[in-house]
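S.K.: Sequence and predicted structure below; questions after.
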Amino acid sequence: MSAREPTYEELQKRLAEAERTIRVLQDKQAGHPCGQCDHLHTCERRYRDLVENLVDVVFTLDTMGYITSINTSVRQMLGYEPDEFIGEHFIKWIAQDQKSVIMSVFERLLNGETIIDETILVGRDGKAHNVEFRATCIAREGTVLGVQGILRDITEQKEAQETLRRAEEKYRMLIEGTLDAIVVADAETGLILDCNRAATELTGREKAELIGQSHKVYHLPEECKEPFSETFKQHLAEKRGQTLDTQIVTKAGQKRDVAIKAHVVEIGGREVMLGLFRDISEHKRAEADLRKSEERFKRVVEIAGDWVWEVDTEGMYTYASPVVERVLGYKPEEIIGKKHFYDFFSPETREDLKKAAFEAFARRESFTGFVNHNVHRDGSVVIIETSGIAIVDEEGMFCGYRGVDRDVTERRRREDELQKMNEDLVLASRKAGMAEVATDVLHNVANVLNSINVSADFIEERLSNSKATNLKKVTDMLAEHTNDIGTFLTEDERGRHIPVYLTEAARLIVDEQTVIADKLKSLTKNVQHVTQIIKAQQSYARSGGVEAFTRPREIIEDAIEINHAALERYGIELQCELAELPRVRMDRQRILQILVNLITNGKQALVESNQPNKVLTIRCARDGRDKLRIEVVDNGVGISKEHQPLIFTHGFTTKRGGHGFGLHGSALAAREMGGSLSVHSDGPGHGATFTLEIPLKLEATTDGRSS
């Protein structure tokens with residue numbers, strides 16, 4: 001066996017004795033015979049040999065904390081050579097989060113304390129080392145000379161302790177975290193040695209009430225005690241586990257059904273029984289409830305409105321409730337073992353439905369709401385809604401399907417009628433929306449025509465009062481004095497004013513022509529504006545209900561064009577934030593209808609508000625990979641919280657004289673395109689944001705991918 005490692009106390013004692021001997025000899029060295037000097041050198045050599053042969057690191061520091069000596073063991077501990085430490089401050093190798101603590105320890109050492117503690121040093125490779133240190137102050141004749149200490153690497157010890165702690169923690173968490181009661185008992189005496197929290201909850205007893213007691217403390221009912229004890233003894237004798245169901249009585253006198261699994265194992269040379277107790281009271285009650293439920297099920301099936309059935313793997317009926325007679329006109333005994341489920345399908349759909357059904361059989365898929373047409377015994381068609389789940393046995397083998405059939409013939413008829421009414425309503429709303437677009441077009445055309453009339457009246461007035469009409473009089477006077485034109489212009493009172501008049505008249509006529517030209521440009525622009533509005537409306541009217549590839553920006557600009565005059569008239573600032581998007585497949589007419597309605601609503605909200613800076617913002621961008629998002633934002637009157645859920649309801653309106661078709665029709669149009677129309681407002685006075693989202697159907701590029 002290897003020699004025992006010296007303790008810190010033993011090392012400190014040896015070092016202290018060696019240092020004292022060396023100091024005495026050094027003090028007496030002067031004037032003594034050479035023999036004593038040799039003895040001094042011998043002691044110093046022994047001291048150094050002792051230090052260098054230690055596994056632990058021995059060091060000394062001066063009063064400032066700088067290292068004055070360190071043995072070669074530091075090479076093994078931290079990977080540095082001893083020379084790299086000499087003259088360096090010890091704090092250099094202390095871990096960052098330990099520096100302030102160790103500096104306070106150093107101050108205490110200089111005050112004469114001897115300290116045993118732990119810290120963390122950082123090696124050359126950056127690895128942290130847990131070390132235990134013992135250090136003391138070095139003093140001579142009352143003067144502090146420095147600090148001497150010993151370091152021992154306890155990293156592996158710490159890691160082992162942490163591993164053990166974690167293992168114990170996991171074990172305790174596992175034991176305490178399980179829902180089952182665990183009991184450890186002496187195999188010979190049956191006395192309980194340990195148990196978990198679940199055991200105390202199961203029995204209603206504290207842990208102290210169980211430890212050291214016989215397992216019979218569980219107070220088995222009298223009828224269970226003898227069979228349990230005999231079985232327990234037999235299994236112990238045969239060294240095999242036991243599994244049995246029994247009952248226990250809690251401290252409060254309540255009976256609980258438990259399943260017990262027990263095994264005898266040897267721990268530390270001692271045989272113990274590990275017992276697992278699972279409370280199966282709920283399971284037992286569930287079994288009883290299940291039996292009752294099955295009885296109720298049988299009774300309910302007999303009177304239920306739905307037809308309950310079961311089929312085998314081939315689709316042959318193995319069970320059919322009496323309701324089948326009301327649904328298809330057959331008695332249960334006429335179809336059980338004689339008919340397959342697909343025998344009742346309509347002939348024109350039978351093969352397709354049969355194929356789909358058996359594909360679902362192969363995947364054991366559950367299904368709900370499967371609508372199929374069946375032929376009644378009298379030849380009429382019955383629409384049935386079928387739901388079913390796969391039946392598997394205890395070994396997981398597929399046995400068929402169980403499900404219910406509901407006669408929905410009358411319901412489907414009413415749904416078809418409702419669908420027809422809804423389609424009629426959609427059509428009416430769409431026409432109303434188109435009429436609103438046309439009204440906006442006419443309104444804007446009227447605004448532009450008003451501007452045209454104003455410009456024409458202005459031009460007519462300026463021309464009738466033009467200074468050019470007086471030029472005729474001047475030219476007539478000049479014609480009368482053709483022969484003496486020079487004398488007339490220089491000596492005649494009227495002639496002398498003609499040059500000045502002509503100069504002023506020319507300036508006025510030029511100004512007049514400039515103003516009239518500007519008015520003519522405005523007139524031409526307004527005529528073109530009317531033409532553009534009418535062309536836009538005509539193009540969308542022709543393309544109604546037809547999808548085509550176009551750029552979203554173009555539709556938005558057309559909607560703005562239709563409303564441009566009205567926005568200008570009311571001094572509404574228009575801001576557009578339109579992302580550059582590729583061509584998208586969309587219904588131009590429906591999109592225009594929605595946007596015109598939204599812009600018109602925004603304009604009206606701004607006109608009714610007291611907002612000095614009226615701003616209407618239109619944004620268009622891609623929302624994710626598969627949506628186009630268009631927002632129309634105003635800072636107008638806003639919408640109350642209670643009105644927002646109703647804003648798209650048919651007939652709902654907050655406008656005087658409004659009909660409630662516009663936004664309702666727009667919402668319907670958005671849904672028909674597979675999209676949505678929504679609104680958000682922070683309340684009255686805070687404006688509103690209407691958001692249109694539609695599927696993004698991009699135009700394919702030449703390589704077949706979407707752009």
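M.R.: Yes, it's here. Numbering: from 1, shown residues only.

S.K.: residues making contact with the helix or strand harbouring Arg152?
M.R.: Using DSSP states H and E, Arg152 maps to strand 143-153. With contact meaning CB atoms under 8 Å, 6 or more residues apart in numbering, strand 143-153 is reached by 8, 11-12, 15, 54-63, 68, 77, 106, 109-110, 112, 121, 129-139. Placement of C-beta: from N, CA and C, glycine included.

S.K.: repeat that with 7 Å
M.R.: Here strand 143-153 makes contact (CB atoms under 7 Å, 6 or more residues apart in numbering) with 8, 11-12, 56-63, 68, 77, 109-110, 129, 131-139.

S.K.: One more: stretch 624-644?
M.R.: 552, 584, 598-599, 602, 605-606, 608-609, 611, 615-623, 647, 654, 679, 681-696.

S.K.: Can you select the buried ones from the residues you listed in ChimeraX?
M.R.: Command for ChimeraX, covering only those of these found buried under the criterion 16 or more other CB atoms under 10 Å:
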select :552,584,598,599,602,605,606,609,615,616,617,618,619,620,622,647,679,681,687,688,689,690,691,692,693,694,696
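
S.K.: quick one: which of the contacts of stretch 624-644 sit in helices?
M.R.: Pro552, Leu598, Ile599, Gly602, Ala605, Leu606 (DSSP state H).

S.K.: and the residue lying closest to the fourth one once chain neighbours are set aside, how many neighbours?
M.R.: By the measure of CB to CB, 6 or more residues apart in numbering, the closest residue to Gly602 outside its immediate chain neighbours is Asp634, 3.9 Å from it. By the measure other CB atoms under 10 Å, the count of residues near Asp634 is 26.

S.K.: can you give me phi and psi for Asp634?
M.R.: Main-chain torsions, Asp634, degrees, to the nearest 10: phi -130, psi 160.

S.K.: Would you mind measuring from it to Ala670?
M.R.: According to CB to CB, to the nearest Å, Asp634 stands 19 Å off from Ala670.

S.K.: Quick check: next helix or strand after the helix or strand hosting Leu508?
M.R.: Per DSSP H and E, Leu508 falls inside helix 493-542. Once the chain leaves helix 493-542, the next helix or strand it forms, by DSSP H and E, is strand 547-550.

S.K.: Please identify the buried residues of that following strand?
M.R.: Thr550.

S.K.: Send me it as PDB with only the CA atoms.
M.R.: Output of strand 547-550 as PDB, limited to C-alpha atoms (Å, rounded to 0.1, in the frame of the first residue of the first chain):
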ATOM      1  CA  GLU A 547     -59.100  37.200 -63.000                       C
ATOM      2  CA  ALA A 548     -56.100  38.500 -65.000                       C
ATOM      3  CA  PHE A 549     -52.500  39.200 -64.300                       C
ATOM      4  CA  THR A 550     -51.900  42.900 -63.400                       C
END
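
S.K.: quick revisit: who does the strand holding Arg152 pair up with?
M.R.: Strand partners for strand 143-153, identified by DSSP bridges, are recorded as strand 57-61 (antiparallel), strand 128-140 (antiparallel).

S.K.: circling back: hey, what's the residue nearest to Gly602 bridged with?
M.R.: Under the criterion used here (DSSP bridges), Asp634 is bridged to Leu616, Ala688.

S.K.: I'd like to know how far it sits from Gly675.
M.R.: From Asp634 to Gly675 the distance is 21 Å (CB to CB).
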